[in-house]
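*Asks:* what follows is a protein structure lacking sequence information:
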């Protein structure tokens, strides 16, 4: 083997030019975030740019600065848009500068969070302790940072199944359970819970979707009567999933009432708090979440309303042993040592699906330290207030209407000039939304509630200002009227 | 509300000082990686440092430079150690500088990979296309980037279950299947597969662990006879998991023989290629992986032997429709649009457990472009050669012995001065390992094979040099002899 081949590595051939490139990346990143509000919220990736991503696997090395130039030209200008002050689609956070920098540091250390004896593990423990304090969980509770809410719900529901099945379901499987297990949630439950139930082998038929009240919270009477009926029919209810912050409208189920039902029927109490649980930081929202501290497990997303960059999900479990019993599996190559690198009692791989995990705790740790819980809470309170503000703008405008009560920070509305069929109205509002996005003005998303297509504004955004909602309404009306007039002329 | 509260955000209060801090982070990160070989491979986190992580949730903001100083003092010096040239524990990669920088850029954009119409989605598609080319999968196959091998195996086995169950298992659940499903793998199969089988509700009893040959590959005769026996007893075999690169010794199952069996019995053919599949990049290893291109699904980890920073797992599935059928679930708030941000036919949330995902494709894209497949393959070939080199050092030394045949890049050995009981020998080697780690010399891990504790050297390391293995042997002997003499004197 040649000397060169003997000593080559994946390290930079020229450390100095890599260093210069890294400094350029930092400047560009800082500029990008500093000037985000000057750019369109979203823009289509041009066909010519799309074509550049068709090339086959690179065989020969390319120069780092060329790769970066490619990134700057073809990728950086076409983000999803959620860093922008007028991005209100689906439900996600903006990210923060410090959070992004933490990712560089975390990937530089490249520590693996499966287990072992090193500092990153202690940071994840501390972050979990902080989140427990926020949701008023006992300090001896356990937890895990995961990719996001889907995984957090999956972990919670896995424990619910394993703990309530009445047999050793890890060993014997669901087929060995005599009765059919059932799980309860409102019709507004997030799809990730159904995916979890399917994955767990329980079948989506076993997820009883309970009707909601006019405010989109779960109907407690129907919930209890369905449980009773299932018991009478020979099913074995195991769990209620309460939603604190539904994705359509931000509704918060009555957590104390659900805790009481869980107690009465000895069910696992899981809170899908992916949207709303972190709003425990907000003085104004906190009272609405009363009862969350009584749950058995909580799913949270810190990349949503706490604005940590993706991915930053979290699951907390009241009973550490029950949690570990669902996931611990220690083969000979992972046995813990008493000393050295493999020591340490807390191996996170015993608390979830994944073994190797990144050091995502760092960006959470830095974000929470940088801002503190008070300010993070104020950001949440302001978004809730902005939703109310937007609601008032809509209600005081004749051609606009709210399609659902405003829960937390989510506003569903439509432009309604009158005299249009439901179908025409739905199509008109869809086109308004397309125009809002394509003109780079704002990026709400949409939903369909009681067959009514609506423009859905989910305000988990620390950069949104009140004036951004004035703009949204002004532009909705401008575009809506223009489209409506064109339609009238054409018809 | 005060003016200040009205406009406050989570952006830096002072952009210039945040920019300076970011430049400092870059310099420190580059220095950290440039000088990694000068530091101990691992060191214990001191008690005084541990104590700093006990403080409760931060309420008030802290200055970014203070937070960073805390990081530099208490976290950065105590990594897991896998960036170091003499880290050979468990199985993980080193990371790369460009990969770490990509994480900064990715978190700055903060795009969400659940779906939508933006550039990051196209990069994930391109990266998946590249990996398909590497493992010689058809271009119309589907895939998904995931956290790691555990999730990749879970996705593959979920599809195996759903596709082979004979009923609509997503809707009806495992309890509605008449026969009990069974899955086959060798005794050396990675624990993540058992965790997946448990999660899927099949029960670990249904995972038939087949005995291995002396080279730790699956015994094909016992595999087929077990399948036949299960069929005769009324079970329904659904899947064989082949391992390409076992975690204990790096053994590669006979993939063509397993493909033939899967064909004969109409079973799903899943390859756990978390360790070895990416070695398709290596000219010397590639022939050993023959048959991988015939599989139905493959789990890979690009944060292992391709050295992308955590997390970078990947799953590929031959049949896109079968893949999507297992995971697609589209509620009203996620319906695809024909235009705007929510357009695009390829929504990755239809191919896995998670909805929100980070833009991890970027670090893979940059790493593959920076080095190209030829060089990435050479790094793998060299590690395999280094394992052979280490094997020769061990075999030519009277007081050392190999505990298993060397598969791929994993060497299991022990110090054996003779005349010791198995128990004493096991304890002695455990102490040698502790000393190697605690003295900061090298970080192999360990396993126990046929009751023999062994020092396990997994060489997925682009920074390891041949001389590092000379050092390992020299230090093993030095420490081993000293411990042995102390024992003789004490006894």
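*Replies:* Good, I have the coordinates. All values derive from a computational prediction rather than experimental measurement.

*Asks:* just checking, residue A:50 touches residue B:122?
*Replies:* Yes. At 6.2 Å, residue A:50 counts as touching residue B:122 under the criterion of Cβ atoms under 8 Å. Any C-beta I mention is one placed from the backbone N, CA and C, and that applies to glycine too.

*Asks:* which one's more surrounded, those two?
*Replies:* residue B:122 (22 against 15; other Cβ atoms under 10 Å in any protein chain shown).

*Asks:* C-terminal to the helix or strand where that one lies, what's the next element?
*Replies:* Following DSSP states H and E, one finds residue B:122 within helix B:119-134. Once helix B:119-134 ends, the next helix or strand along the chain (criterion: DSSP H and E) is strand B:142-146.

*Asks:* what about that next one, distance to the chain center?
*Replies:* With Cα atoms, centre = their mean, to the nearest Å as the basis, strand B:142-146 stands 15 Å off its chain's centre.

*Asks:* same for that strand, what does it pack against?
*Replies:* Counting contacts by 3 or more Cβ pairs under 8 Å, 6 or more residues apart in numbering or on different chains; DSSP states H and E, strand B:142-146 packs against helix B:119-134, helix B:149-164, strand B:313-317, helix B:320-327.

*Asks:* which parts of the stretch 301-450 of chain A are helices?
*Replies:* A:320-327, A:361-395, A:422-438 (DSSP state H, counting those that start in this stretch).

*Asks:* so which of those helices comes closest to residue B:169?
*Replies:* Ranking these by proximity to residue B:169 (Cβ to Cβ) places helix A:320-327 first, at 21.1 Å.

*Asks:* tell me which helix or strand in chain A has the weakest average pLDDT.
*Replies:* Ranking every helix and strand in chain A by mean pLDDT, DSSP states H and E puts helix A:3-7 at the bottom, with a mean of 78.

*Asks:* and residue A:228, how many residues sit next to it?
*Replies:* 12.

*Asks:* which residues are contacting the strand or helix carrying it?
*Replies:* Assigned by DSSP H and E, residue A:228 falls within helix A:220-232. Here helix A:220-232 makes contact (Cβ atoms under 8 Å, 6 or more residues apart in numbering or on different chains) with A:182, A:184, A:208, A:210-211, A:237, A:240, A:254, A:257-258, A:261, A:265, A:267.

*Asks:* of those residues, closest to chain B?
*Replies:* residue A:182 (10.5 Å; Cβ to the nearest Cβ).

*Asks:* give me the angle between whichever strand or helix holds the closest one and helix A:149-164.
*Replies:* For residue A:182, the element it lies in under DSSP H and E is strand A:181-186. In terms of direction (axes from the mean of the first three to the mean of the last three Cα atoms, to 10 degrees), strand A:181-186 departs from helix A:149-164 by 140 degrees.

*Asks:* about what we covered before: and of the helices and strands packed on strand B:142-146, who's closest to chain A?
*Replies:* helix B:119-134 (3.7 Å).

*Asks:* quick check: the gap between residue A:324 and chain B.
*Replies:* 13 Å (Cβ to the nearest Cβ, to the nearest Å).

*Asks:* just confirm that residue contacts residue A:350, I think it does.
*Replies:* Yes. Residue A:324 is within contact range of residue A:350, at 5.2 Å (criterion: Cβ under 8 Å).

*Asks:* how's chain A carved up into domains?
*Replies:* A:12-43+A:78-95+A:374-491, A:111-359 (automatic domain parsing).

*Asks:* most tightly packed of those domains?
*Replies:* Burial of the domains of chain A is given as mean neighbour count (mean count of other Cβ atoms under 10 Å in any protein chain shown); domain A:111-359 ranks first at a mean of 22.

*Asks:* what's the span of that domain from first residue to last?
*Replies:* End-to-end distance for domain A:111-359: 6 Å, by Cα to Cα, to the nearest Å.

*Asks:* quick one: that domain to chain centroid distance?
*Replies:* On Cα atoms, centre = their mean, the centre of domain A:111-359 falls 14 Å from the chain's centre.
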